[in-house]
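Chemist: Here is a sequence with its predicted model. Questions after.
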Amino acid sequence: MKYLCMGYYDPAKHAAMTEDERNAMFDECFEYDDYLRANGHSAGGEALQPHENALTLYWKNGKVVTTDGPYAETKEQLGGIGVLEARDMNHAVQLMSQHPALKYGTLWEIRPVGDMSEIIKASEQRRRQNAAR
């Protein structure tokens, strides 16, 4: 089963680290990420640029509206996402609880990925029927 793992960090803590501390943290984290990939537990992931580069898109008064930055203002920022392959939530927690980023203050939110395959199939069928008319 797939789980989306969202890593949140405190930018102030990150900025207070020395370059050597940051390098050590990245080296440990990337080594663990390599372990997850090598053992078939990583299905991808990406780091995110800072929230200053974010744009929130939503619908308001019948049209699309954008706002600079993330939707919610919090102390922690979403720093990256990973897609984890695990047997179940307990296994996902077990794998992510060993991630070195935790000891550097990262918070991991783990969510099961929703299976949309049946909904997609039904939508495709409806759209084919509508196109045939």
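Modeler: All right, it came through fine. Numbers count the residues shown, from 1 in each chain.
Chemist: Can you tell me who the residue nearest the centre of the chain pairs with across the strands?
Modeler: Most central in the chain under CA atoms, centre = their mean is I81, positioned 2.3 Å from the mean C-alpha point. For I81, the beta-bridge partners are M6, E46 (DSSP bridges).
Chemist: L36 against L84, yeah?
Modeler: Yes - with contact defined as CB atoms under 8 Å, L36 reaches L84; the gap is 7.2 Å. Where C-beta positions appear, they are placed from N, C-alpha and C, glycine not excepted.
Chemist: Next, the contact list for the residue nearest to the centre of the chain, please.
Modeler: Shown in contact with I81 (CB atoms under 8 Å, 6 or more residues apart in numbering): 4-7, 45-46, 48.
Chemist: where do the helices sit along the chain?
Modeler: For the chain, applying DSSP state H gives helices covering 11-16, 19-38, 89-96, 117-132.
Chemist: re the thing from before, neighbour-wise, give me the winner out of the contacts of I81.
Modeler: Among the contacts of I81, the one with the most neighbours (other CB atoms under 10 Å) is G7, at 23 neighbours.
Chemist: pLDDT value on it, please?
Modeler: The per-residue pLDDT reported for G7 equals 94.
Chemist: next one: T56
Modeler: T56 is given a pLDDT of 81.
Chemist: wait, M25 sits on P100?
Modeler: Yes - here M25 reaches P100: they are 7.1 Å apart, a contact under CB under 8 Å.
Chemist: quick one: strands adjacent to the least confident helix or strand in the chain by mean pLDDT?
Modeler: Across the helices and strands of the chain, the lowest-confidence element by mean pLDDT, DSSP states H and E is strand 55-60, at a mean of 84. The strands beside strand 55-60 in its sheet (DSSP bridges) come out as strand 63-68 (antiparallel).
Chemist: Now do the partner strand: distance to the chain's middle.
Modeler: How far strand 63-68 lies from its chain's middle: 23 Å, per CA atoms, centre = their mean, to the nearest Å.
Chemist: For the protein, give me the ranges with low pLDDT.
Modeler: Within the chain, the segments meeting pLDDT under 70 span 70-74.
Chemist: if you set the cut-off to 90 instead, what comes out?
Modeler: For the chain, applying pLDDT under 90 flags the ranges 11, 48-59, 64-78, 105, 115-116, 132-133.
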